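Peer 1: A structural model of the following input is requested.
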Amino acid sequence: MACNDSWSGLFLRGVSISFSQIFLQNNALTGCIFIVAVALYSPVMAAAAILGCCVSQLCALMLCQCEYKQRFNQVDPQRQLESGVYGFNGALVGLAVSSLWPLSWPALMLVVVAAVLTSIGVLFCLSRFNSTLYTTPFIVSLWSGWLLFSPHPDVPAVVAAVSFAEAEVGGVVAGLLQSALSAIGQVMFLNSSVSGALLLAGLLIASRVAALFSCIAVILSILIATLSGLPEVYIESGIYSYNAVLVVVALCSQGDRSLVRLICGVFCGVCFAVLLTRLLQLCDVIPLTAPFVMSIWLIAIFNGPKKRAETVPVR
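Peer 2: Numbers count the residues shown, from 1 in each chain. Predicted structure coming up:
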């Protein structure tokens, strides 16, 4: 493959698709809409996310062309590069760092270093498990950064609530809708119903089934969190819902499930996501997307060893 083709075809297309891969989709238009949603919420976050994604893609491209590839000859890095599986963890790194730390040169360096590590981690996961293990490289890199550096003093602002009381004109229904859209936005660290609506629109373009089940996941997670007596401020801001959205979208992408198994998996997955999010909060650990990954692993364990590998596909 020529160098120019690798750059324009694999690299640039991979960047746009990487953003759609955050919602487990493979659609360039959806990725572009996601980038617009982030930019409308915060241009700084959009720039950091694109930086992290490009660094991950560039690192993967370099790994594809060096001796390192020979150690992982069972994978096809160029095909995976175009599909965005390397870039989505880097994009999440940029989103998270720009949300948790103030804009500075050390923060930008953290984005670059963490993005490189996620790209190497993805290649390792692909070679060992034939899977990206979803957002595991992102989680590990951000938790490491969290331990090594002091977080932004206004971290609670990242999870600040969009209260039902703010939607006085539309009443409870409008407040619930605003909370649901904010929950979808929280998947990409966007505490905004407008950005959440754009993300939902982009998801609808890629998969109507995924969009429908995302809404179901939000409603179900809000109900479970409310009945469990969890803090209302986090319920209304979508903190207990965004991991549930990812779990349900992941389950919907597995076409071998019967309707009964899918319904059971959705309910169990949402319960796991809500409870694990609360558990990590009580342990004073920022949840990120760890409840999503842990929930998928738990469902894989309950499905038995024959189905375990099928629950963590290469995206």
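Peer 1: OK, contacts around Leu148?
Peer 2: Taking Cβ atoms under 8 Å, 6 or more residues apart in numbering as the contact definition, Leu148 lies against nothing. Where you see a C-beta, it was placed from the backbone N, CA and C, and this is true even at glycine.
Peer 1: What is the neighbour count of Pro106?
Peer 2: 11 (other Cβ atoms under 10 Å).
Peer 1: And the helix or strand harbouring it, what does it pack against?
Peer 2: Using DSSP states H and E, Pro106 sits within helix 105-129. Contacts of helix 105-129 with other secondary structure elements, assessed using 3 or more Cβ pairs under 8 Å, 6 or more residues apart in numbering; DSSP states H and E, are made with helix 43-64, helix 87-100, helix 136-148.
Peer 1: quick check, distance from the longest one to the centre of its chain.
Peer 2: What separates the centre of helix 43-64 from the centre of its chain is 15 Å, taken as Cα atoms, centre = their mean, to the nearest Å.
Peer 1: buried residues in that helix?
Peer 2: The neighbour-count criterion (16 or more other Cβ atoms under 10 Å) identifies 45-61, 63-64 as the buried residues of helix 43-64.
Peer 1: Same question for Gln25, what's its three-state structure.
Peer 2: Under the three-state scheme (DSSP: H, G, I helix; E, B strand; the rest coil), the conformation of Gln25 reads as coil.
Peer 1: Would you agree it is in contact with Ser207?
Peer 2: Yes. Shown here, Gln25 and Ser207 form a contact pair, counting by Cβ atoms under 8 Å, at 6.2 Å.
Peer 1: Compare those two (neighbour count), which wins?
Peer 2: Between Gln25 and Ser207, Gln25 has the larger neighbour count (other Cβ under 10 Å), namely 24 against 20.
Peer 1: In contact with the closest residue to the more buried one other than its chain neighbours, which residues?
Peer 2: Nearest in space to Gln25, with sequence neighbours left out and distances taken as Cβ to Cβ, 6 or more residues apart in numbering, is Ala206 at 3.9 Å. Under the criterion of Cβ under 8 Å, 6+ apart, the contact partners of Ala206 comprise 20, 23, 25-27, 29-30.
Peer 1: again with Met294
Peer 2: The neighbours of Met294, taking Cβ under 8 Å, 6+ apart as the test, are 272, 276.
Peer 1: returning to that earlier point: quick one: the residue nearest to Gln25 from Val15, how far?
Peer 2: With the distance defined as Cβ to Cβ, to the nearest Å, Ala206 ends up 16 Å from Val15.
Peer 1: what angle do the helix holding Pro106 and helix 87-100 make?
Peer 2: Going by axes from the mean of the first three to the mean of the last three Cα atoms, to 10 degrees, helix 105-129 is angled at 150 degrees with respect to helix 87-100.
Peer 1: chain center to helix 105-129: distance?
Peer 2: Worked out by Cα atoms, centre = their mean, helix 105-129 lies 15 Å from the chain centre.
Peer 1: Next: stretch 227-246.
Peer 2: A distance of 16 Å separates the centroid of the chain from that of stretch 227-246, by Cα atoms, centre = their mean.
Peer 1: how far does that stretch stretch from start to finish?
Peer 2: According to Cα to Cα, to the nearest Å, stretch 227-246 extends 21 Å from its N-terminal end residue to its C-terminal end residue.
Peer 1: Can you give me the buried ones in it?
Peer 2: Across stretch 227-246, burial judged by 16+ other Cβ under 10 Å covers 230, 234-246.
Peer 1: how does this structure divide into domains?
Peer 2: Partitioning the chain according to automatic domain parsing yields domains covering residues 3-148, 188-306.
Peer 1: tell me, which of those is the model least confident about?
Peer 2: Comparing mean pLDDT across the domains of the chain, the weakest is domain 3-148, with a mean of 83.
Peer 1: count of neighbours near Leu282?
Peer 2: Here the neighbour count serves as a burial measure; for Leu282 (other Cβ under 10 Å) it reads 8.
Peer 1: How about Ser295?
Peer 2: 28.
Peer 1: Check the secondary structure at it for me.
Peer 2: helix.
Peer 1: Please name the nearest non-neighbouring residue to it.
Peer 2: With sequence-adjacent residues excluded and distances taken as Cβ to Cβ, 6+ apart, Ser295 is closest to Phe272, at 3.8 Å.
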